[in-house]
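Undergrad: Please find the sequence and the predicted model below.
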Amino acid sequence: MTVILHNDDALHGFDAAQEFAEEVLQKEIKGRRWDMLTRVDVWVADENAQKGGPDDKRCSMEAHPAGRKPVGVKHHAPDIPAAIRGAAKKLARALEKELG
């Protein structure tokens, strides 16, 4: 299973985001049909760029189960790690519902 991280140009300084996203996804989805996924696309973005503001970091995730439609979620948080963790939790619940 491949995790592909995409980020917008406004984000800097989170070089470990790829590894962090993989670790969080493995923790949340392990044992919940992880082996059925071909890839997970992860998009992180700062919606307000330099303006700041509460919960302005967004993480969207789209899981691609083999032979099924993609399952997507998004989560807003005050920082990128929290956005990734929140989206991973939502994705785990969505996959559990979708795949049983």
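TA: Right, received. Where do you want to start?
Undergrad: Is the residue lying closest to D55 once chain neighbours are set aside in a helix, a strand, or coil?
TA: Using CB to CB, 6 or more residues apart in numbering and skipping residues adjacent in sequence, the residue nearest D55 is H76, 4.3 Å away. C-beta: built from backbone N, CA, C; applies to glycine. Following DSSP: H, G, I helix; E, B strand; the rest coil, we place H76 in the strand state.
Undergrad: What's the separation between H76 and A88?
TA: 14 Å (CB to CB, to the nearest Å).
Undergrad: need the contact list for the residue nearest the centre of the chain.
TA: For the chain, M61 is the residue whose C-alpha lies nearest the centre (CA atoms, centre = their mean; 3.9 Å). Shown in contact with M61 (CB atoms under 8 Å, 6 or more residues apart in numbering): 25, 40-43, 72-74, 87-88, 90-91.
Undergrad: Which pLDDT value goes with it?
TA: As predicted, M61 sits at a pLDDT of 97.
Undergrad: can you offset everything so residue one is 152?
TA: Yes, from this point I'll number from 152; that puts the last item at M212.
Undergrad: ok, the helix or strand harbouring it: who's next to it in the sheet?
TA: Per DSSP states H and E, M212 falls inside strand 208-216. Strand pairing for strand 208-216, determined by DSSP bridges: strand 188-197 (antiparallel), strand 222-228 (antiparallel).
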